[in-house]
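Participant: My questions concern the predicted model and sequence given below.
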Amino acid sequence: MRFLTAGESHGPQLTAIIEGVPAQLPLLAEDIDRELARRQGGYGRGRRMQIEKDRVQIVSGVRHGMTTGAPITFVVENKDWKNWTKIMGAEPISEEEAEKMRRKLTRPRPGHADLNGAIKYGHRDMRNVLERSSARETTVRVACGALAKVILKACGIEVAGHVREIGGIRAEETNYATIQELQKRSEESPVRCLDEDASKKMMAAIDKAKQDGDSIGGIVEVVVAGVPIGLGSHVHYDRKLDGKIAGAVMSINAFKGVEIGIGFEAARLPGSQVHDEITWSEEEGYKRKTNRLGGFEGGMTNGMPIVVKGVMKPIPTLYKPLQSVDIDSKEPFAAGVERSDSCAVPAASVVCENVVAWEVANALLDTFGSDQLPLIQAAVERHHAASKEF
Ligand SMILES: Cc1cc2nc3c(=O)[nH]c(=O)nc-3n(C[C@H](O)[C@H](O)[C@H](O)COP(=O)(O)O)c2cc1C
Ligand SMILES: C=C(O[C@@H]1CC(C(=O)O)=C[C@@H](OP(=O)(O)O)[C@H]1O)C(=O)O
């Protein structure tokens, strides 16, 4: 499967076109809307999320709740568009008018794409960069991930995520028995964290950052369970699934690091405490005693849950202004803000779940074919049985 997204943060809509989706997949708007609503939530979000009520319109590739195999188009409207119609319009406007509307951006915000994008594309109004670099785009990326989750679920694979750390406060209690329990418990916490005590401290830290006009980042973790052995491949660099997942996580706005399994900790431990010993039983087939490598060896899944962490930097737009330079006057100025999230780590954990789901679903289809769901399901089942007896 492949997809393209289009749309500006304050334009009329966001669009995604997805090609290569198997036919005979039951797909309803509510499957997508559930994930869109989760992405909008989470403690620390700003005023924009009170305006938007993200809902998908499926405008191609699905008839009567079933995919046809044709390209699928998702559209999500921006409710805020009505406040930006003139500013975002396709019609040319004069310099004076642009000035009057106070939306022309000549002062690049540190930590954003503004200055680099403006120099690269030759924009004197950096709004042309801001509009597309905004994490508003993650709305439709999550819609594509939600579709991927439906494919995965139909093949016995589930994805869940939670927040491990915000503003230096770590979740101590991170244990769960099943992926469903992980999902349920993270959903119950406003910061999507399993540790109740840490959740409260994280919320207080977000409040404090907001009061101080500052922002804080954190670490999210995504787990994928029920994965067949051998998704991805060792035979070529661009088929290694851990590499693709790492790239997908790093492509989320504000993500600055990724770990698979124990990740960076592996640098500090001897091999005997890093590699996962192999066992076999008639009931379960091949298993690992531990899962320190997060479900991957040789760029392929080993049947253990995939465990991926992503690091999100603090939100760059701060109420406490950072210094920048006006590109017209070249004078220094302190960047001001109208509205912003103070912490989007809980929301970003949902984005992370969905971009990982997309990569895993794609690898699944690479291995088991992509024309129609029942054939894929049968192939996955046969593969599970064959792996067990191998
Ligand atoms: C869900 C989500 C919400 C975000 N909300 C904001 C925000 O309100 N204000 C802001 O300045 N940055 C926000 N960001 C981060 C910026 O989009 C990002 O830092 C910026 O585009 C620069 O990209 P980079 O940090 O990946 O280099 C958000 C990111 C995500 C994932
Ligand atoms: C719109 C979303 O997030 C936005 C991401 C974002 C940024 O700079 O990335 C900046 C803010 O945009 P605005 O200035 O319009 O409030 C966030 O609200 C969203 O997540 O749907």
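Facilitator: Yes, it's here. Numbering: from 1, shown residues only. Ligands and ions are numbered 1, 2, ... in the order given.
Participant: Every contact and neighbour count from this point should use C-alpha atoms.
Facilitator: Will do.
Participant: Could I get the full set of strands for the stretch 151-300 of the chain?
Facilitator: For the stretch 151-300 of the chain, applying DSSP state E, counting those that start in this stretch gives strands covering 158-166, 169-170, 218-225, 255-260, 278-281, 285-288, 296-297, 300-301.
Participant: want to throw those strands into TSV with mean neighbour count?
Facilitator: Formatted as TSV, the strands of the stretch 151-300 of the chain follow (neighbours: other Cα atoms under 10 Å):
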stretch	mean neighbour count
strand 158-166	26
strand 169-170	17
strand 218-225	24
strand 255-260	18
strand 278-281	11
strand 285-288	16
strand 296-297	21
strand 300-301	22
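Participant: what residues are up against the closest residue to ligand 2 within the stretch 151-300 of the chain?
Facilitator: Ligand 2 sits closest to Asn253 of the stretch 151-300 of the chain, with a gap of 6.8 Å, by Cα to the nearest ligand atom. Residues near Asn253 by Cα atoms under 8 Å, 6 or more residues apart in numbering: Ser134, Ala135.
Participant: Could you list the contact residues of the protein toward ligand 2?
Facilitator: Counting by Cα under 6 Å from any ligand atom, the chain comes close to ligand 2 at Arg48, Ser134, Ala135, Arg136, Arg339, Ser340.
Participant: For burial, what's the neighbour tally of Glu284?
Facilitator: Using other Cα atoms under 10 Å, Glu284 has 12 neighbouring residues.
Participant: before we move on, what about Glu389?
Facilitator: Glu389: 13 surrounding residues under other Cα under 10 Å.
Participant: Same question for Ala204.
Facilitator: Neighbour number of Ala204 under other Cα under 10 Å is 12.
Participant: mind checking how far it is from Val191?
Facilitator: Look at Ala204 and Val191: by Cα to Cα, to the nearest Å, they are 11 Å apart.
Participant: ditto for Arg55
Facilitator: With distances taken as Cα to Cα, Arg55 is found 22 Å from Val191.
Participant: What ranges does the stretch 201-350 of the chain have for its helices?
Facilitator: 241-250, 345-368 (DSSP state H, counting those that start in this stretch).
Participant: Tell me which other helices or strands the longest one touches.
Facilitator: So that's helix 345-368. Packing partners of helix 345-368 (3 or more Cα pairs under 8 Å, 6 or more residues apart in numbering; DSSP states H and E): helix 29-40, helix 138-154, strand 158-166, strand 218-225, helix 241-250, helix 373-389.
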